[in-house]
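Engineer: Attaching a predicted model along with its sequence, questions to come.
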Amino acid sequence: MSDLWFKRKLYGWGWTPVTWQGWLTIGVWFVVVMTFALTIDESSPPREVFFTFLMPITFVTLALIRVCYAKGEPPRWQWGEDLGDPK
């Protein structure tokens, strides 16, 4: 069995989870993002929004991308099935 948690997307650039570990990684990322989102409200000043939402979300998303690079296929742009080199 392959140790890849993420496969290349069929259309576009990026990854999609293919194992339970990949789905768990995406789920944890989502829970963390929602937790930080709940820390802000309409009366939050811009500085607080930056330090309690935008900065942490940026770091968590960069960590997710790093995990995808480490545990996934190399990303590349593609549009559909790779049919090989037509000759």
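Structural biologist: Sure, I can see it.
Engineer: ok, residue 8 touching residue 80?
Structural biologist: No: taking contacts as C-beta atoms under 8 Å, residue 8 lies outside contact range of residue 80: 11.9 Å. Every C-beta, even on glycine, is put in place using the N, C-alpha and C of the backbone.
Engineer: And the two? Which one has more around it.
Structural biologist: residue 8 (18 against 7; other C-beta atoms under 10 Å).
Engineer: quick one, phi/psi of that one?
Structural biologist: Main-chain dihedrals, residue 8, degrees, to the nearest 10: phi -60, psi 140.
Engineer: mind listing what it touches?
Structural biologist: By C-beta atoms under 8 Å, 6 or more residues apart in numbering, residue 8 lies in contact with 14-16, 72-76, 78.
Engineer: Please tell me the pLDDT value assigned to it.
Structural biologist: pLDDT for residue 8: 89.
Engineer: Would you mind measuring from it to residue 14?
Structural biologist: Separation of residue 8 from residue 14 (C-beta to C-beta, to the nearest Å): 8 Å.
Engineer: ok, now residue 23?
Structural biologist: 15 Å.
Engineer: contacting residues around stretch 75-82?
Structural biologist: Contact partners of stretch 75-82, identified using C-beta under 8 Å, 6+ apart, comprise 8-15, 68-69.
Engineer: redo that, cut-off 7 Å
Structural biologist: Contacts with stretch 75-82, where a contact means C-beta atoms under 7 Å, 6 or more residues apart in numbering, come from 8, 10-11, 13-15.
Engineer: which stretches of the chain form strands?
Structural biologist: For the chain, applying DSSP state E gives strands covering 6-8, 11-12, 15-17, 78-79.
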